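**Q** Following is a predicted model, sequence given first.
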Amino acid sequence: QAKGLKKTVILSDFLQSGDSTIYLYSNILEQLQKHNISRFIGIGEQMISLVPRLIAGKKQKIAFSPFLTTEDFLRQLHTPDFKEEAILIKGARLFGFEEIAAHLEQKAHQTILEINLNAIAHNYKAFQQMLNPATKMMVMVKAFAYGSGGSEIAGLLQYHKADYLGVAYADEGVELRKAGITLPVMVLNPEENAFDAITDNYQEPVVFSFKQLAAFQKHIQQAGLKNYPVHIEVETGMNRLGFNTADIKKLGKLLKENGFIRVQSVFSHLAASEDEVEDAFTLGQYELLLQAAKELETAIGYSFLKHIANSSAIARFPLLQMDMVRLGIGLYGIGDKHAAKKLQPALTLKSTIAQVKQLKKGDTVSYNRRGVVQKNAVTATVRIGYADGYSRRLGNGVGYMLVKNRKAYVIGTVCMDMVMIDVTHIKGVKEGDDVIVFGPGLPLQELAEAIGTIPYEIMTGISQRVKRVYWSEG
């Protein structure tokens, strides 16, 4: 998945394998060379005694550094040597490779967003299993993949053979192409000044107005292209973007003889698919799209993909699958009651405690003295603030975090880079302890509900200065 990055692999001896030793390590070397691994670090007796001889017998060499123990490797580890690269770490448990991972993950800012790639893959497959075999899957990776890292998540989806990716703007798609993503990319809101970026990187724009259609057709003509794929958005009730259903006949006439662009799909956005009270409206949107698509298909004389279902509709409305569905926030394990039991939370936002303070009754905490200590208390200052995406609305007892698996409520106003929590009731809290902002034991949905918002806002609001750590076990 690490397109465009230097790749390093750190492996321990393989224990209790059924393969013969020579065959096993020869096969490993072939796989590393096949995947263009730049550097191979081996730890263990067999890595020292066997692998150098196998490498010497191969025409294509690979940079190899052997160490007897994990401790030997850590003693010489110089972390700047591993800058700007992707590192695969895999070892038998007795080698304690978690120490290597901890050293390589170190960063001055100790607030991190952990993305569980196993959970994301599980959730993708869970939604896939809800679909008919012929139904395609588009996955939305707009807004930096909801804050989780566009190219990293796209790489995983490409590995699992998603059919389409969706982005909001062309520059998001350009970044995917730079990262080696080759899947078809639909651009939801293509701006006219981004048409070059779209066609240069073979992205597929959404067309939602006659003015935009004329502008893009002119661009395609000038570029000397033909039959360029576009997606037609139909307005069925969201009232955001899209052709009105009354304009489909006119649109069909314009597209019928058009050799410069070709309709790849026709779609619409559901306004309230998660709300049972609005189910009749949701089904009405589906019927409007179905009618518009049929009319357009008849006018232009060829078929195209049709899609309207989002994450909640995939789970709640099998009827709405059509030819393709668009999976969004469900990929991260967030769904309504119809899907939640099948999903796994994929994100954990965590930080650490910078300082612990002993306060007396009447002391105040944070700006404007909003936090008032009612009795002697212990507070902990956590390395996260609103500049990291922790909303100020969570201040003054509204929000809480988990310390040693216990709730610790926010006291006082949330600062730009820090927030204080009351840990009076939690024994043994010390500087450097981990704090869970959301994740196991504290669902993201719960945090969102506390301030009257939705998980989307919190996820996409996590600052770029928060390090993303991707991990999987297998």
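**A** Right, received. Where do you want to start?
**Q** give me the low-pLDDT residue ranges for the chain?
**A** Counting by pLDDT under 70, the chain shows low-confidence ranges at 1-4, 16-19, 105-109, 474.
**Q** and the residue nearest the centre of it, backbone torsions?
**A** Centroid-nearest residue in the chain, with C-alpha atoms, centre = their mean: residue 148, separated by 3.6 Å. According to degrees, to the nearest 10, the main-chain angles of residue 148 amount to phi -100, psi 0.
**Q** who's in contact with it?
**A** Residue 148 makes contact with 113, 115, 332, 346, 347, 459, 468 under the criterion C-beta atoms under 8 Å, 6 or more residues apart in numbering. For every residue, glycine as well, the C-beta is placed using N, CA and C.
**Q** ok, and the closest non-adjacent residue to the fourth one?
**A** The shortest distance from residue 346 to any residue that is not its chain neighbour, by C-beta to C-beta, 6 or more residues apart in numbering, is 3.9 Å, and that residue is residue 119.
**Q** Next, the contact list for the one you found, please.
**A** Counting by C-beta under 8 Å, 6+ apart, residue 119 has contacts 332, 333, 344, 345, 346.
**Q** cool, and residue 457?
**A** With contacts defined as C-beta under 8 Å, 6+ apart, the neighbours of residue 457 are residue 448.
**Q** Name the helix or strand for it, please.
**A** Residue 457 belongs to helix 455-460 when assigned by DSSP states H and E.
**Q** and whatever helix or strand comes next after that helix, which residues are buried?
**A** Toward the C-terminal end, the helix or strand that comes next after helix 455-460 (DSSP H and E) is strand 467-471. By neighbour count on 16 or more other C-beta atoms under 10 Å, the buried set for strand 467-471 is 468, 470.
**Q** so how far is strand 467-471 from its chain's centroid?
**A** Counting by C-alpha atoms, centre = their mean, to the nearest Å, strand 467-471 is centred 10 Å from the centre of its parent chain.
**Q** which helices and strands does that strand pack with?
**A** Strand 467-471 sits against strand 112-116, with contacts defined as 3 or more C-beta pairs under 8 Å, 6 or more residues apart in numbering; DSSP states H and E.
**Q** which helices and strands sit right next to the strand it packs on?
**A** The helices and strands touching strand 112-116, judged by 3+ C-beta pairs under 8 Å, 6+ apart, are strand 347-359, strand 467-471.
**Q** Return the most buried member of those strands.
**A** strand 347-359 (a mean of 18; mean count of other C-beta atoms under 10 Å).
**Q** ok, residue 259 touching residue 227?
**A** Yes. Counting by C-beta atoms under 8 Å, residue 259 touches residue 227, with 6.8 Å between them.
**Q** For residue 288, the count of nearby residues, please.
**A** Counted with other C-beta atoms under 10 Å, the neighbours of residue 288 add up to 17.
**Q** now it: how far from residue 458?
**A** 32 Å (C-beta to C-beta, to the nearest Å).
**Q** Check residue 49 too.
**A** Using C-beta to C-beta, residue 49 is found at 52 Å from residue 458.
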